[in-house]
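Chemist: Sharing a model prediction with you, sequence too.
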Amino acid sequence: MSEQAEIAVTPDAVTADSGIGAVLVNNVSDALGALDEARVCALVEDLRAPDLADLIELLQPGERSAFVQALGKDFDYDVLSELDETVRDQLAEELPNEYLALAVTELDTDDAAYLVESLEPEDQAEVLARLSATDRTALLRNLEYEEETAGRLMQSDFVAVAPFWDVGQVIDYMRDTDDLPEHFSEIFVVDPSFKVMGTVDLSRLLRSKRQTRIEEIMDDDIVTVVATDDQEEVGRKFERYDLMSAPVVDENNRLVGVVTVDDVVEVIQSEADEDIRRLGGVGDESVLDTVFYTTRNRFIWLLVNLGTAVLASAVIKLFDASI
């Protein structure tokens, strides 16, 4: 193996300040051009999802789909949720529908909904047809809600139990049930009509005796989010009440999903970026935008800055003797 290739697979290929290094990008590109899938996998095997997302964005558009297919079953589809929206949509157009269906099953419901929505109608139908009935129902439920609402932000996978169950039953249920969320820290307690009665922290559940009834250890002081709430309102609730997660209910107050703090952090960051761009007279931008397009969008603001700079210079010159 050459010295250059050796550099690419070391941690130095990912730098703290700029992310993916040019050497790694070039090596991956060369391996893709040579159809060397084993080499591609070796080059990126130690990269985390955000770093893989950066790498995909730095590859040429025609290489991105080939990169995902080269990794095959080893590709972490959570990477798609880290991508720039324009890059993700372009990649979704190029990937075969069998890969997209696999991505939908691997992603959280909210991220899967955004992915499917970006597809052409015929591709949407084919991807949905490849899903299990459970996954398809959960995805369609998210898509029923407007964009930038809690319903679109929520995850449809959660753990809900009855108040009369005991701790032992809940633990056995979680061990024996296959379609539970991969990661969760809170269990929802619901009545027969699926209305939320309270929550139980996983840590408290595991510290309680098996015969203890769930209603004895649940916290009934809960903050709910309505599925039609604007995502900014959801963010304000999380900030005000220091929430890590919140149950999402429909118009009948029935539990339909859960919003977690990581999703809310993304919303807050996105809204803040949008506000800053608006202050600067800049609209939504993409890593794929041309220099001309970006400059055109910023021209008015740049012109104002130029005018104020000239004015300041003139004022300084006017009072030069005094200064």
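Modeler: On my side now, so go ahead.
Chemist: CA atoms for contacts and neighbours, from now on please.
Modeler: OK.
Chemist: Could you break this protein into its assigned domains?
Modeler: Following automatic domain parsing, the chain resolves into domains at 3-146, 160-268, 290-318.
Chemist: which stretches of the stretch 151-300 of the chain aren't confidently modelled?
Modeler: 271-300 (pLDDT under 70).
Chemist: could you redo the domains of the chain as TSV and give each row distance to M154?
Modeler: Formatted as TSV, those follow (distance: least, C-alpha to C-alpha, whole Å):
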stretch	distance to M154
domain 3-146	6
domain 160-268	5
domain 290-318	33
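Chemist: which stretches of the stretch 51-200 of the chain form helices?
Modeler: In the stretch 51-200 of the chain, helices defined by DSSP state H, counting those that start in this stretch lie at 61-71, 85-94, 97-106, 109-117, 121-129, 133-143, 150-153, 167-176, listed in chain order.
Chemist: would you turn the domains of the chain into TSV with mean neighbour count and distance to L153?
Modeler: Below are the domains of the chain laid out as TSV (neighbours: other C-alpha atoms under 10 Å; distance: least, C-alpha to C-alpha, whole Å):
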stretch	mean neighbour count	distance to L153
domain 3-146	17	5
domain 160-268	17	7
domain 290-318	12	29
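Chemist: so which of the ones you listed comes closest to R152?
Modeler: When the domains of the chain are compared by C-alpha to C-alpha, domain 3-146 sits nearest R152, at 5.2 Å.
Chemist: where's that closest one relative to the chain centroid, distance-wise?
Modeler: In terms of C-alpha atoms, centre = their mean, to the nearest Å, the centre of domain 3-146 is found 13 Å from the chain centre.
Chemist: what's the most centrally placed residue in the chain in contact with, if anything?
Modeler: Centroid check for the chain by C-alpha atoms, centre = their mean gives S81 as the closest residue, at 4.1 Å. Contacts for S81 (C-alpha atoms under 8 Å, 6 or more residues apart in numbering) come out as D111.
Chemist: change the start of the numbering to 404 and stick with it
Modeler: Shifting the count to begin at 404 puts that one at S484.
Chemist: Can you tell me how far it is from D433?
Modeler: Note on S484: its distance to D433, by C-alpha to C-alpha, to the nearest Å, is 26 Å.
Chemist: now swap in D481 and tell me
Modeler: 25 Å.
Chemist: on that earlier part again, present the helices of the stretch 454-603 of the chain as CSV; the columns should include distance to E618.
Modeler: Putting the helices of the stretch 454-603 of the chain into CSV (distance: least, C-alpha to C-alpha, whole Å) gives the following:
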stretch, distance to E618
helix 464-474, 47
helix 488-497, 43
helix 500-509, 33
helix 512-520, 29
helix 524-532, 38
helix 536-546, 28
helix 553-556, 27
helix 570-579, 10
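Chemist: among the ones you listed, which is nearest R639?
Modeler: Of all the helices of the stretch 454-603 of the chain, helix 553-556 sits nearest to R639, with 12.2 Å by C-alpha to C-alpha.
Chemist: Right, I'll leave it there.
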